[in-house]
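>>> Structure of the sequence below:
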Amino acid sequence: MEQRPASQRTGSSSRKRLSPPQGRRATLRDIAGALGLSVAAVSRALNGHPDVSPATRRRVLEVARQLNYRPNAAAKTLATDRSRLIGVYFLGQERARFSHPFASEVVDGLLEGLATAGYDLLVFGDGLYDGGAPSFTDLAAHRQIDGAVFLGLRTDDPRWDELARLPFPLVTIDVPVESERAVSVGCDHIEGARLMARHLAALGHRRIAMINGHQWAPVSWERLTGFTAGLRQAGVEWDEAYLVEGDFTEASGYRGAMELLRRRPRPTAIFAASDLMALGVLRAARELGIAVPDDLSVGGYDDISDAARSSPPLTTVHQPRRQLGVAAAQSLVGLIERGHDGIPSRVLLRPELVVRASTGPAPSGAP
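Predicted coordinates:
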């Protein structure tokens, strides 16, 4: 049974302003003493137990705020047998930095979602270690993480088989993994690419090319599937001769565009499966003297910040990247704290077509 606050027993004012203890951190005992509650009652109030009344919880939270109380992370780890640490694996050199235009916003959302749930973040990256990429298992054991998020995972990674054996829950971005402990969070890329196909077809384009990502990314298959399906639905015949493979980088988009734009008949539109590759297409068109969108329409995928600043601004498929990070955090925390019950193995967010100045009507009499 909860004890009555000391202020109520003595008749003194419960509104008296409290000050943090001098020279040390406030403890649960300090809060309990100020309110005349047991330490156990204070702990249960701070941890949201349903048997604590709303009024008591409000008093405890207010006194904790006045005393500048901060939970002892080490003590909480010992009490719960959890480190409350999440490992974020950046795989591949290009994803080893927070400045990557796709990964940076995902990580922002991930940080937001994890901080709300009381978890901290550790960063692991292949490009951060000498002597080759260490195993996922070794990294996890060394840092005692409670779960992990993987960005840039490829299906040809030599450590792929490790994923199913990891002793903690994991979330992958865009790459489904066969494991009872795993959730894949991503965008509906089939629908996103279908939106782009319909847009280009509605503008009258019939010779439409695609620069896809590499074969080791499931999103490459999904975007190609959605794009060709969208063309068929619009009555446009798909010609595989207009398909080239890139690797999601601007350089590969430039190379692919140079190859496509020298073909005859030349495509009147190019869909690149990432904005970085689409920026490479724009560069190639400028060098070849091909006007965008008068002679060539260009579409991308992702809607990174540079897409709106390119010349001309890029028509693209928007991925809600920050929301991807938040969804990844929520799924992972759910797996850690409740198991797989009620948590889907795959979470797909909706894409949106963003039409800008890089696409226009198909040119008449194109070569």
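
>>> Report the secondary structure state of the residue lying closest to residue 85 once chain neighbours are set aside.
The shortest distance from residue 85 to any residue other than its chain neighbours is 4.8 Å, reached at residue 145 (C-beta to C-beta, 6 or more residues apart in numbering). Glycine gets a C-beta too; all of them are placed from N, C-alpha and C. Using DSSP: H, G, I helix; E, B strand; the rest coil as the criterion, the local structure at residue 145 reads coil.

>>> before we move on, what about residue 86?
Going by three-state DSSP, the secondary structure assigned to residue 86 is strand.

>>> My guess is it contacts residue 144. True?
No - counting by C-beta atoms under 8 Å, residue 86 sits too far from residue 144 to count as a contact (11.4 Å).

>>> For residue 150, give me its contacts.
89, 91, 163, 170, 171, 172, 173, 175 (C-beta atoms under 8 Å, 6 or more residues apart in numbering).

>>> Among the residues you listed, which one lies nearest to residue 107?
When the contacts of residue 150 are ranked by distance to residue 107 (C-beta to C-beta), residue 173 comes first, at 10.2 Å.

>>> what's the neighbour count on the closest one?
Residue neighbour count, defined by other C-beta atoms under 10 Å, stands at 23 for residue 173.

>>> need the contact list for the nearest residue to it once chain neighbours are set aside.
In space, not counting the residues next to it along the chain, residue 173 is nearest to residue 151; the distance is 5.0 Å by C-beta to C-beta, 6+ apart. In this structure, residue 151 makes contact with 88, 89, 90, 91, 95, 103, 106, 107, 173, judged by C-beta under 8 Å, 6+ apart.

>>> ok, of those residues, which one's closest to residue 282?
Residue 282 lies nearest to residue 103 out of the contacts of residue 151, by C-beta to C-beta, at 22.3 Å.

>>> Quick one, grab the pLDDT at the closest one.
According to the model's per-residue confidence, residue 103 sits at a pLDDT of 85.

>>> Can you list phi and psi of it for me?
phi -70, psi -30 (degrees, to the nearest 10).

>>> Tell me the spatial nearest neighbour of residue 318, not counting adjacent residues.
Nearest non-adjacent residue to residue 318 (C-beta to C-beta, 6+ apart): residue 303, at 3.8 Å.

>>> Please report the distance of that neighbour from residue 211.
Using C-beta to C-beta, to the nearest Å, residue 303 is found at 17 Å from residue 211.

>>> higher neighbour count, the two?
Taking residue 303 and residue 211 together and counting by other C-beta under 10 Å, residue 211 has the greater number of neighbours (28 against 24).
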